[in-house]
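Undergrad: Fold the following for me, if possible:
(chains A and B)
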Protein chains: 2
Amino acid sequence: MPVFYNPSARLSRDITILALRAFFNDKKFFFVDLLAGTGVRGIRIALEAGGVGIVNDVDPRAFDFMVENIKLNKLESELAPFNMEANALGNLLTFTGVFVDYVDIDPYGSPIPYIESSLKPLGKKALIGVSATDKGPLACVNKDKTLKRYWLDCADVDFKSELGLRLLTYNIALRASAMNYTITPVLYLSKAHYYRVFYVAERKNPFNVISKCRGYIWYCPTTLERGFKYDRDKEFDCSDGNRPLLIGPLWICPIGDENFARRLLAVLEKTLFLQRREVLKYVEYAQKEFSVNEPFIRLDLLCRKIRADMPNMELLVERLEELGFKASRTHLDPRGLKTNAPLKIVESTILELSGK
Amino acid sequence: MPVFYNPSARLSRDITILALRAFFNDKKFFFVDLLAGTGVRGIRIALEAGGVGIVNDVDPRAFDFMVENIKLNKLESELAPFNMEANALGNLLTFTGVFVDYVDIDPYGSPIPYIESSLKPLGKKALIGVSATDKGPLACVNKDKTLKRYWLDCADVDFKSELGLRLLTYNIALRASAMNYTITPVLYLSKAHYYRVFYVAERKNPFNVISKCRGYIWYCPTTLERGFKYDRDKEFDCSDGNRPLLIGPLWICPIGDENFARRLLAVLEKTLFLQRREVLKYVEYAQKEFSVNEPFIRLDLLCRKIRADMPNMELLVERLEELGFKASRTHLDPRGLKTNAPLKIVESTILELSGK
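TA: Next comes the predicted model:
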C-alpha cells in the first residue's frame, strides 16, 4: 500500500480490530474515522472487523492516498472518503439522522479538541476509540500544560502513566457529561509515545457516574502508600506522620473492564491473523490488570525503601493471591504491581520472598 | 421587521452594541453571529456598531427571515447569511484564513456546546459575547445539573446569581485554556431569565491566568461571612465556630472590568439612541459594581441576623466609602451589597444608620 506506515501504531490498530470484533460481535456497524490520515486504520476496520463508514482527513494529500487505498482494496461500497475539518464533519453528521456506532479519534497530540464533536453523531449506545500522544501533559511531566489543558494541579507519583490515563478519562467524562453522555472505560493501552483508550458512550444521565467516579488519589511520596478518596475534606496522615499529597479530582473508577478483556481474549483465540506475540502478551496482561483498580506501585522504589532485592514479580503476584488479595503486573510499567493488598502486606511478602 | 422579537432581550442587544462600540472604537470589525435566529442582533451590529460579518442559523425558517431582513435593511454587502450547524460553521471558518474579531453566541439554554467552536476562528485578540439562559444549573438551583454540566458540587449561598456568573466564566475559561486561549471578563449582565457576558479572548498561554483566577469561595450560611481562597487546604472557622462551606473551584478574579464599564458610559453619553432608562441605569451600576470583586451580601438576610431594619442602601454605600472601603449596589439583586469591608464593619454601619 502506498501509505505512510507507523510501525509503533500497529499494536494500537490490532487492538482496535480486536476491540471492535469483541464489542460488535461480528455484526455490521457504522463508523467514522475523523482523523483517518491515509486510511490504514479505516481500511482495516472495514476488512477485518466488518465496519462500513466514513474515513476523513482534512489534508488533501492524505485524502488522495485514502481514495487510492480504498480503490486498491476494493472497498468503494464500504468506505466513503471525506476531506473535511474533523470537528465540522462530526457536527454536520448530527443532522444526517444516521447514528454512528463507532468513532475513532487518532490525532497527533491531544484528542481534547475533538471530544465534543466525536460524541455528537453517536447513537444511544456506541463505542469510541481515542488516541493521545501528549503523554507529557497527561502524566504530569509538563506540569504547566497539565493545568492548562487538563485543569489538574498534578504531583509526581510512581504511577505516572496510570495517572495520565485517569486524567484523560476524567476529562473526557466531564466533557461528555456536559453533553448528557455517560462514558464507561473498557480498555486502555499505553505504548511508547501514545495512549489508546476505548469507552462505551451512552446518551443517558451521567449524574450518578460522575458522582461516583470523580475523586482523589492520595499518595505518600516517602512511604509510597496510596489510595482513592471521594471526599477532599476528611484528612489523615501517612504512616510516617507526613500529610499525603492529594491529587484530583480525577477518575477513580476502573479504567479498564476485565469482562471486556476476557472477551478480547476469546476473540483473539479465534482470530489467527492477530495472534502476534505483542498482541497476545497485551491481552494476557489486560485481562489480569483490569481486575485491580488501585494505582500500581513501582516495586523498585518500594524495594529501595525497605532495602530488599527486587522480587520475582510472578512469584510476588502469586503469593499475594494466595493471601487472598488481587494482584497483577501491568503493561504500563515493567516494575509496576497493581494490588489491593495493604502496603504493609506487600512489603512483608517481598521480604519473605527474599528470605529476609 | 417581520421577525420574532423578544422584548426582554432588548437590554442584552443594547448592551452588545454599546460593548462593541466601546471595544472597537467605531472601527470596522468582522463578526460571526453563530446562532443568529432571524438576524435582529446581527443587523443591529451592522447598522449600529459598524460590524461586517456572518449571520448564521441552522433553522431554514429563521434563515429565510434573515435573508429578508438583510434585504429590507439594505445590508447585502455587510452581512452574509448562512444556514449551517453552528459548531460546524465555527470550525470551518478556521480554514478560511479570515480572522474573526467578534463572535456572538446566543443560544436557548446553555452556551457550553458552542464554546470551543466559537473560539476557533478568532484572531490573536478578539471579543466574545455569550448568553446563557440555563440560570438554574448555573446558580445552583438544579444541583444535579450543576454537577453534570458545570462540574461543580455547589451549595446554597445568598449571592446565587453571582455564583452562576463565576461558574459560567470559570467553565468557559477552562475550555478556552485547553485550546491555549486566555479569556478576560469585561462585562456581565443578568436579567430575567438570562445572563449575558463578554470576554476578551487572546491566543496566549493561559497558565498564569488560570493559576491566579481559579479558586474557592468560602461561605458561612449562619454568620453570612464569605471570601475568596486560593488553597483548599488551609482551614479555618466561621466566627460562630462552624466550618465554612467551600465552593469551587470557580472563577475568583473579577467578572467585570471597571475600566471597560467607564468606556461604556463614555460611549453611551455620545450615543443618543441607546439612552434608554434601563440602559443608563445598568451602565451606572456596572461602573460601580465592577470595582468590587467580593461576592454580594443579601442585606435582608444580614439585617434579619442582626435584628436591624433594612438601611437605605445609598446611605450605607456612602458611609462604607467614607470609612475607606469599596462598596456598591449590584444590578444582580436589589438587596445585594458588594463591598470589601469586613462583615463586622457592615453590621456596625447598618446598626449605626438605624440609630441603634
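Undergrad: C-alpha only now, for contacts and for neighbours.
TA: Fine.
Undergrad: which ones are touching the residue nearest to residue A:255 when sequence neighbours are not counted?
TA: Excluding the flanking residues, the one nearest residue A:255 by C-alpha to C-alpha, 6 or more residues apart in numbering or on different chains is residue A:185, at 5.2 Å. Residues in contact with residue A:185 (C-alpha atoms under 8 Å, 6 or more residues apart in numbering or on different chains) are A:169, A:197-200, A:254-257.
Undergrad: repeat for residue A:286
TA: A:256, A:258, A:261, A:330-331.
Undergrad: Need the max-distance pair from those.
TA: The largest separation in the contacts of residue A:286, counting by C-alpha to C-alpha, is between A:258 and A:331 at 14.4 Å.
Undergrad: Tell me where the stretch 251-356 of chain A has helices.
TA: A:258-270, A:277-289, A:299-305, A:313-322, A:343-353 (DSSP state H, counting those that start in this stretch).
Undergrad: about what we covered before: closest one to chain B out of the contacts of residue A:185, please.
TA: Comparing those against chain B with C-alpha to the nearest C-alpha places residue A:169 closest, at 14.6 Å.
Undergrad: mind checking how far the nearest residue to that closest one once chain neighbours are set aside is from chain B?
TA: Leaving aside its sequence neighbours, residue A:169 sits nearest to residue A:251 (C-alpha to C-alpha, 6+ apart; 6.4 Å). Separation of residue A:251 from chain B (C-alpha to the nearest C-alpha, to the nearest Å): 13 Å.
Undergrad: Point out the residues in the stretch 201-350 of chain A that sit beside chain B.
TA: Listed as neighbours of chain B in the stretch 201-350 of chain A under the rule C-alpha under 8 Å from any C-alpha of the partner chain: A:206-207, A:210.
Undergrad: how near is residue A:144 to residue A:155?
TA: Going from residue A:144 to residue A:155 by C-alpha to C-alpha, to the nearest Å gives 11 Å.
Undergrad: ignore the last one, residue A:229
TA: 16 Å.
Undergrad: Repeat that for residue A:281.
TA: Relative to residue A:155, and taking C-alpha to C-alpha, residue A:281 is found at 31 Å.
Undergrad: Just to check, the residue nearest to residue A:169 is in contact with residue A:213?
TA: Yes - counting by C-alpha atoms under 8 Å, residue A:251 touches residue A:213, with 5.4 Å between them.
Undergrad: So for the two, which residue has more residues nearby?
TA: In this view residue A:251 and residue A:213 are compared by other C-alpha atoms under 10 Å in any protein chain shown, and residue A:251 has more residues nearby, 26 against 17.
Undergrad: hmm, back to that, dump the contacts of residue A:185 into TSV; add neighbour count as well.
TA: TSV is the format used below for those (neighbours: other C-alpha atoms under 10 Å in any protein chain shown):
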residue	neighbour count
A:169	23
A:197	22
A:198	24
A:199	23
A:200	18
A:254	19
A:255	24
A:256	24
A:257	21
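Undergrad: Those residues in strands, which ones?
TA: Among these, the members falling in strands (DSSP state E) are A:197-200.
Undergrad: I'd like the contacts of residue A:286 laid out as a markdown table, including pLDDT.
TA: Output for the contacts of residue A:286, formatted as a markdown table (pLDDT from 0 to 100):
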| residue | pLDDT |
| --- | --- |
| A:256 | 98 |
| A:258 | 97 |
| A:261 | 98 |
| A:330 | 98 |
| A:331 | 98 |
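Undergrad: how about the residues you listed in CSV, adding distance to residue B:27?
TA: Listed next are the contacts of residue A:286 as CSV, based on distance: C-alpha to C-alpha, whole Å:
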residue, distance to residue B:27
A:256, 55
A:258, 61
A:261, 61
A:330, 60
A:331, 59
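Undergrad: And the pLDDT for the residue nearest to residue A:255?
TA: For residue A:185, the pLDDT comes out at 98.
Undergrad: Look up how far chain B lies from residue A:96.
TA: Here residue A:96 is placed at a distance of 11 Å from chain B (C-alpha to the nearest C-alpha).
Undergrad: and that residue, what element?
TA: Here residue A:96 sits in a region with no helix or strand, counting by DSSP states H and E.
Undergrad: residue contacts, it?
TA: Per C-alpha under 8 Å, 6+ apart, neighbours of residue A:96: none.
Undergrad: Report pLDDT for it.
TA: Here, the pLDDT recorded for residue A:96 equals 85.
Undergrad: Next, work out how far apart it and residue B:113 are.
TA: Relative to residue B:113, residue A:96 is positioned 19 Å away (C-alpha to C-alpha).
Undergrad: returning to that earlier point: part of a strand, is the residue nearest to residue A:255?
TA: Yes - per DSSP: H, G, I helix; E, B strand; the rest coil, residue A:185 lies within a strand segment.
Undergrad: If it is in a bridge, with which residues?
TA: Counting by DSSP bridges, residue A:185 forms beta bridges with residue A:199.
Undergrad: Among the residues of the stretch 201-350 of chain A next to chain B, which one lies nearest to chain B?
TA: Looking across those and measuring by C-alpha to the nearest C-alpha, the closest to chain B is residue A:207, at 5.6 Å.
Undergrad: I'd like the mean pLDDT over the helix or strand containing residue A:13, please.
TA: Here residue A:13 sits within helix A:10-24, counting by DSSP H and E. Taken as a whole, helix A:10-24 has a mean pLDDT of 97.
Undergrad: what's downstream of that helix, the next helix or strand?
TA: Remark: after helix A:10-24, the chain's next helix or strand is strand A:29-33, criterion DSSP H and E.
Undergrad: what distance separates that following strand from the centre of its chain?
TA: Between the centre of strand A:29-33 and the centre of its host chain there is 20 Å, according to C-alpha atoms, centre = their mean, to the nearest Å.
Undergrad: Can you name the next helix or strand after it?
TA: Next along the chain after strand A:29-33, taking DSSP H and E as the criterion, comes helix A:40-49.
Undergrad: Give me the residues contacting that next one.
TA: With C-alpha under 8 Å, 6+ apart, helix A:40-49 has contacts from A:3, A:13, A:17-18, A:20-21, A:26, A:33, A:36, A:51-52, A:55, A:69-70, A:73, A:75, A:78-79.
Undergrad: Any idea how many residues pack against residue A:130?
TA: 25.
Undergrad: who's it bridged to?
TA: Legend: beta-bridge partners of residue A:130 under DSSP bridges are residue A:105, residue A:197.
Undergrad: one step back: any chance of JSON lines for the residues of the stretch 201-350 of chain A next to chain B, columns neighbour count and pLDDT?
TA: Listed next are those as JSON lines, based on neighbours: other C-alpha atoms under 10 Å in any protein chain shown; pLDDT from 0 to 100:
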{"residue": "A:206", "neighbour count": "24", "pLDDT": "97"}
{"residue": "A:207", "neighbour count": "19", "pLDDT": "97"}
{"residue": "A:210", "neighbour count": "21", "pLDDT": "97"}
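Undergrad: so where's chain A shaky on pLDDT?
TA: A:1-6, A:356 (pLDDT under 70).
Undergrad: give me that answer again for 50
TA: Residues of chain A meeting the criterion pLDDT under 50: A:1-3.
Undergrad: Name the single longest helix found in it.
TA: For chain A, the longest helix by residue count, based on DSSP state H, is helix A:160-178.
Undergrad: Report all helices and strands that it contacts.
TA: In this structure, helix A:160-178 packs against helix A:115-119, helix A:135-138, helix A:143-150, strand A:182-191, helix A:207-213, strand A:245-251, helix B:143-150, with contacts taken as 3 or more C-alpha pairs under 8 Å, 6 or more residues apart in numbering or on different chains; DSSP states H and E.
Undergrad: which other helices and strands contact the second one?
TA: Counting contacts by 3+ C-alpha pairs under 8 Å, 6+ apart, helix A:135-138 is packed against helix A:143-150, helix A:160-178.
Undergrad: Minimum distance to residue B:193: which of those helices has it?
TA: Comparing the helices and strands packed on helix A:135-138 under C-alpha to C-alpha, the one sitting nearest is helix A:160-178, at 20.4 Å.
Undergrad: what does the closest one rub up against?
TA: With C-alpha under 8 Å, 6+ apart, helix A:160-178 has contacts from A:112, A:115-116, A:119, A:135, A:137-140, A:150, A:182-183, A:185, A:188, A:190, A:195, A:205-207, A:210, A:214, A:250-252, A:255, A:295-296, A:332-333, B:112, B:148-151.
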